[in-house]
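**Student:** using only what follows, build the 3D model:
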Amino acid sequence: MFDADVCREIDDGGDRSPQEYVDAYADYIAEKFGESFADICAVELQPLEKTRVDYAGGCSRSGSHAVDYMRIEIAGIELYAEIPVPDDDTPEKESKRYDELVDEIDHEAFKKGVPSELLYYWYD
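**Tutor:** Predicted coordinates:
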């Protein structure tokens, strides 16, 4: 159906219209894969909703020291950041760590193509 002869015809300028070539290729795909071209190309996009970024304290992923961390999994992508908790912790220091974690998660989201509008932070 859509074989080397058709490819040569396209390369040589052929007699068919562009739509006829598209239709021929669609028929080839349907025959080869058992699905219609429209079914293969159809992608159902689900709108993503805002998702809360978890903010917690616990043990570091890279050791046994205490950390504050933020984590979210959205659209199959994990964003994670952690900061060690100092021995002389204060509410002011925690607030600063929180802001640093938000910045790090935003940066990770940017690098991984996750829109920051989808992230909902604990204190938002």
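**Student:** was I right about E108 contacting A81?
**Tutor:** Yes. E108 is in contact with A81 according to Cβ atoms under 8 Å; the separation is 6.6 Å. The way it works is simple: take the backbone N, C-alpha and C, and place the C-beta from them, glycine included.
**Student:** these two: which is more packed in?
**Tutor:** Set E108 next to A81 and count neighbours by other Cβ atoms under 10 Å: A81 wins out with 20 against 17.
**Student:** beta partners for the more buried one?
**Tutor:** Assessed by DSSP bridges, A81 has beta-bridge partners M70.
**Student:** mind listing what it touches?
**Tutor:** Y69, M70, R71, L101, E104, I105, E108 (Cβ atoms under 8 Å, 6 or more residues apart in numbering).
**Student:** give me the below-cutoff pLDDT ranges for the protein.
**Tutor:** Segments of the chain classed as low confidence (criterion: pLDDT under 70) are 1-14, 16, 18, 21-22, 25, 29-30, 32-47, 124.
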